[in-house]
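1. Generate a structure from the sequence data that follows.
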Amino acid sequence: MLAAELQLPLPEIPRKRYFAIGEVSDLCQVKPHVLRYWEQEFPQLKPVKRRGNRRYYQHDDVLMVRRIRSLLYDQGFTIGGARQRLKEQPRAGEGTSADLAALTAANRTETSAPDRNREIRQVCDELESLLKLLR
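-> Numbers count the residues shown, from 1 in each chain. Below is the predicted model:
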């Protein structure tokens, strides 16, 4: 849990039409081999494949990867549980424009630097007090 609390927020998604797998990997903080595995496990994730079987993800694909990542890493779902949750919840393109705006805003919402620094200081203080107790 401590490592998840100190994890940096995801970077903002640039306004581009297509993203290579390496770019998506950086934007979502997931390794490329994990992205390729998720393509097999989640039917909602379908990047465009071009010459040489190269994958090109669109903006909606990047949002879907972030959703999957959140379900698996942040919320603790299994692959099957995350797959089921995605089936139950409408995809960004199938909902209303308000749903799409909310999803986009949620993906862009990041902790501000002062808040993040305060949280890190709190964790450090807690760790120091635990060290004192152990001594």
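2. helix or strand right after the lowest-mean-pLDDT helix or strand in the chain?
-> Here the helix or strand of the chain ranked lowest by mean pLDDT, DSSP states H and E is helix 2-6, holding a mean of 45. Reading on from helix 2-6 to the C-terminus, the next helix or strand found by DSSP states H and E is strand 19-20.
3. Residues touching that following strand, excluding its own?
-> Identification of contacts with strand 19-20 by CB atoms under 8 Å, 6 or more residues apart in numbering yields 27, 54-58, 61-62. To be clear about C-beta, it is placed using only N, CA and C from the backbone, and glycine gets the same treatment.
4. What's the first helix or strand after it?
-> Strand 19-20 is succeeded, C-terminally, by helix 21-28 (DSSP H and E).
5. Please identify the buried residues of that next one?
-> 21, 23-25, 27-28 (16 or more other CB atoms under 10 Å).
6. So what angle separates the directions of the next helix or strand after that helix and helix 21-28?
-> The helix or strand immediately downstream of helix 21-28 is helix 32-41, counting by DSSP H and E. Put simply, helix 32-41 runs at 90 degrees to helix 21-28, going by axes from the mean of the first three to the mean of the last three CA atoms, to 10 degrees.
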